[in-house]
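> Pasting the sequence and the predicted coordinates here, then a few questions.
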Amino acid sequence: MLRSFLLATLLASPLAATAQPLVPVEVTEWKPVYGRIEAKDRLPARARIGGTLVELTVTEGDLVEAGQPLGRIVDDKLNFQLAAVQAQIEALNAQLSNAETELQRGEDLLKRGVTTAQRLDALRTQVDVVKGQIDAQTAQARVLQQQQAEGTVTAPVAGRVLSVPQAAGAVVMPGEAVATIGGGGFFLRIAVPERHAAHLEQGAAITIETPAGESQGTLARIYPLIENGRVVADVEVAGLPDSFVDARVVVRLPVGKRMALLVPADAIATRSGLDFVTVKTAEGTEDRTVVPGQHHRIDGTEMIEILSGLHEGDEIGAAE
């Protein structure tokens, strides 16, 4: 409590007007690692039938919607099979027409007592058999039509096309990938040395360095399986660019806490290549040579860690 109060007083008071005692402050130890931009869902758009890829409408980098057609596969054998089934249906329809005529004639003859009920039952059975055959061939035609419709390759998820391993005119087999789609949002995946695993906390704030500047993220998931001496974790970042998937960016992870002596950045004066801090002593003020370390931002004030040259309790004055 006393250290926090002294640090708050140091940050709030004008350095030019007064001297402040130096107290150790707890700072976060950050470790820079590389993270890769990855898609949460990486799904292949697969061919459902075999045949020739006659049409391909996307290329790498395109944005697609779920269910959007990406290409079309044609199997010529399906056209021939469908034509054969339709011809059989036409032949069966002719047989059905003849069987129904025979049945009608048999019913008329039975009314006049010329034929028997057994003959009429046989005629009815013949009509039912032909109708069943027509239904079976109609179902087979629907199967072939569905197979033709499945020649259209669609996007399994909305996102960006990551790879297109096929080209128009290629022969593809059922289940073969025509394109790979990355969707469901993008995140950073990092691999941290296992000695830092105990310091990682889910939900911790993460600093990301991008070409556009620094941004903040959240450590969303830590995977329990250690691979090759490294802990794998996912970092969620709002507005993460997805132009280049698997691109590497620098991520700074909090891996521990330690005590450090901090002074405001404007308390350090550089002369002749050396850094000095003004310290108040019993005899007055003196300039001490210091070795500065990392920069820290506390409550909006730029603070610099002093590695050597100062001690706890030193009263820091304004730099001249």
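Yes, it's here.

> low-confidence ranges in the protein?
Along the chain, the parts satisfying pLDDT under 70 run over 1-20, 211, 318-320.

> for it, longest helix please?
helix 76-111 (DSSP state H).

> Does anything pack onto the very next helix or strand once past that helix? Which helices or strands?
Next along the chain after helix 76-111, taking DSSP states H and E as the criterion, comes helix 117-149. If you count contacts as 3 or more CB pairs under 8 Å, 6 or more residues apart in numbering; DSSP states H and E, helix 117-149 packs onto helix 76-111. To be clear about C-beta, it is placed using only N, CA and C from the backbone, and glycine gets the same treatment.

> how far does the helix it packs on sit from the chain's center?
56 Å (CA atoms, centre = their mean, to the nearest Å).

> cool, stretch 254-266 as well?
On the basis of CA atoms, centre = their mean, stretch 254-266 sits 35 Å off its chain's mean C-alpha point.

> Quick check: phi and psi on residue 263?
phi -130, psi 150 (degrees, to the nearest 10).

> Now residue 150. Nearest residue, chain neighbours left out?
residue 48 (4.1 Å; CB to CB, 6 or more residues apart in numbering).

> Show the contacting residues for the one you found.
150-151, 153, 174-175 (CB atoms under 8 Å, 6 or more residues apart in numbering).

> Residue 104: neighbouring residues, count only.
Close neighbours of residue 104, defined as other CB atoms under 10 Å, add up to 12.

> Tell me which other helices or strands the longest helix of the chain touches.
Using 3+ CB pairs under 8 Å, 6+ apart: helix 76-111 touches helix 117-149.

> After the helix it packs on, which helix or strand is next?
strand 152-154.

> quick one: what helix or strand has residue 36 in it?
Assigned by DSSP H and E, residue 36 falls in strand 24-46.

> Please spell out which residues along that strand are buried.
Neighbour counts over strand 24-46 (16 or more other CB atoms under 10 Å) mark 25, 27, 33, 35, 37-39, 42-46 as buried.

> ditto for stretch 304-311
Buried residues in stretch 304-311 (16+ other CB under 10 Å): 304-306, 309-310.

> out of those residues, who's nearest residue 112?
Proximity to residue 112 was ranked across those by CB to CB; first place goes to residue 305, at 116.4 Å.

> Disregarding flanking residues, what is the spatial nearest neighbour of that closest one?
residue 293 (3.8 Å).

> residues contacting the spatially closest residue to residue 81 that is not a sequence neighbour?
Setting aside the residues directly before and after it, residue 81 is nearest to residue 144 in space (CB to CB, 6+ apart), at 5.5 Å. By CB under 8 Å, 6+ apart, residue 144 lies in contact with 78, 81-82, 85.

> from those residues, which is closest to residue 287?
Using CB to CB, residue 78 is the member of these that lies nearest residue 287, at 89.1 Å.

> quick one: that closest one and residue 154, what's the gap?
As defined by CB to CB, to the nearest Å, residue 78 lies at a distance of 18 Å from residue 154.

> Kindly confirm my reading that residue 242 is in a helix.
No. The assignment for residue 242 (DSSP: H, G, I helix; E, B strand; the rest coil) gives coil, which keeps it out of a helix.
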